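Participant: got a predicted structure here, sequence first:
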Amino acid sequence: MDKTNPALVIIPTYNEKNNIPLVIKKLIGFDVDILVIDDNSPDNTADVVREHQEEYKNRIYLIEREGKLGLGTAYIKGFKWALDHNYRFILEMDADLSHNPKDVPRLINKCKQGNDLVIGSRYCNGVNVVNWPLKRLIISYLGSRYARFVTRLPIQDPTAGFKCFHNKVLESIELDNVRSTGYAFQIEMNYRAYKKGFKLHEIPIIFTERTEGESKMSKQIVYEAVFMVWKLVILNFIGRL
Ligand SMILES: Nc1nc2c(ncn2[C@@H]2O[C@H](COP(=O)(O)OP(=O)(O)OP(=O)(O)O)[C@@H](O)[C@H]2O)c(=O)[nH]1
Ligand SMILES: [Mg+2]
């Protein structure tokens, strides 16, 4: 393994015991380490991860939290761990196979080519979402347009959760100030990176709806995003971002 430019894929999990073995199996062939952040999943996802840790020593790491504390704080915890362990390319990815592990090297390569934050986008080059109910697609697509309109972020898919940060981006963002938990978390990270002057770049990916396990998407997560974009813009305007 080439450890000069180490990459870490952070995967938050809540009840993903049927998905996580497949994700690990597909990722482990690439030049990446894996960090799973599990929130004490009642289906014992963590035990499944531990079984894989025995097989792939020093490639798979696990952080367990005491209960379901939300996606945003899980990622913040993972980012801090990644920086402490000197990873250069730090990726976010869902456990439910909506994100294709095969796209991971593409994200990392674009980051190596001088981009600071590379986003796997569902909405550049048309709409690339498989098996979503129309209602869900419309909410997501219009939500993206709305977030772009309010924040002026120059990207098509501001809520995407499949991305690769260069470590310098995460080092320069005050991670303890990041407050959002759901889709807003993705928008907030993009906005903070953009306002710090980092280069954002989108690559098209195909997003496939989960076939195993349950969605954790809720109305509350959508409302959070609706208000958070205004908060970010105002904080930026008064110089308190
Ligand atoms: N650690 C942790 N992981 C979470 C939490 N909420 C969601 N996740 C994980 O975050 C990823 C994305 O969550 P999903 O439920 O797939 O959300 P989604 O992709 O918007 O919804 P679907 O498209 O219906 O799957 C998955 O890997 C989840 O297991 C949480 O509170 N804590
Ligand atoms: Mg999902």
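Facilitator: Perfect, I can see it now. Ligands and ions are numbered 1, 2, ... in the order given.
Participant: show me where this protein has its strands.
Facilitator: All strands of the chain, identified by DSSP state E, fall at 7-13, 33-38, 60-64, 89-92, 117-121, 129-130, 163-166, 200-204, 207-208.
Participant: ok, now which ones touch Val150?
Facilitator: 229-230, 233 (C-beta atoms under 8 Å, 6 or more residues apart in numbering). Every residue, glycine included, has its C-beta placed from N, CA and C.
Participant: neighbour-wise, which one of these leads?
Facilitator: With neighbours defined as other C-beta atoms under 10 Å, the most crowded of the contacts of Val150 is Val229; it has 24 neighbours.
Participant: contacting residues for it?
Facilitator: By C-beta under 8 Å, 6+ apart, the residues touching Val229 are 146-147, 150-151, 184, 187.
Participant: narrow those to those in helices?
Facilitator: Residues of the contacts of Val229 located in helices (DSSP state H): 146-147, 150-151, 184, 187.
Participant: quick check: residues of the chain near ligand 1?
Facilitator: With C-beta under 6 Å from any ligand atom as the criterion, the chain comes near ligand 1 at residues 12-14, 16, 37-39, 68-71, 74, 94-96, 98, 209-210, 215-217.
Participant: one step back: from the contacts of Val150, which is closest to ligand 1?
Facilitator: Among the contacts of Val150, Val229 lies closest to ligand 1 (C-beta to the nearest ligand atom), at 17.5 Å.
Participant: grab the nearest non-local neighbour of the closest one.
Facilitator: Of all residues not flanking Val229 in the chain, Val150 sits nearest, at 4.3 Å (C-beta to C-beta, 6 or more residues apart in numbering).
Participant: show the pLDDT at the one you found.
Facilitator: pLDDT for Val150: 97.
Participant: quick check on the ones in helices among the contacts of Val229: which are buried?
Facilitator: Among the ones in helices among the contacts of Val229, those buried by neighbour count (16 or more other C-beta atoms under 10 Å) are 147, 150-151, 184, 187.
Participant: which of those sits closest to Ile90?
Facilitator: Using C-beta to C-beta, Ile187 comes nearest to Ile90 of these, at 18.2 Å.
Participant: how near is that closest one to ligand 1?
Facilitator: 14 Å (C-beta to the nearest ligand atom, to the nearest Å).
Participant: neighbours of the residue in the chain positioned nearest to ligand 1, how many?
Facilitator: Going by C-beta to the nearest ligand atom, ligand 1 is nearest to Ser215 of the chain, at 2.6 Å. By the criterion of other C-beta under 10 Å, Ser215 has 10 neighbours.
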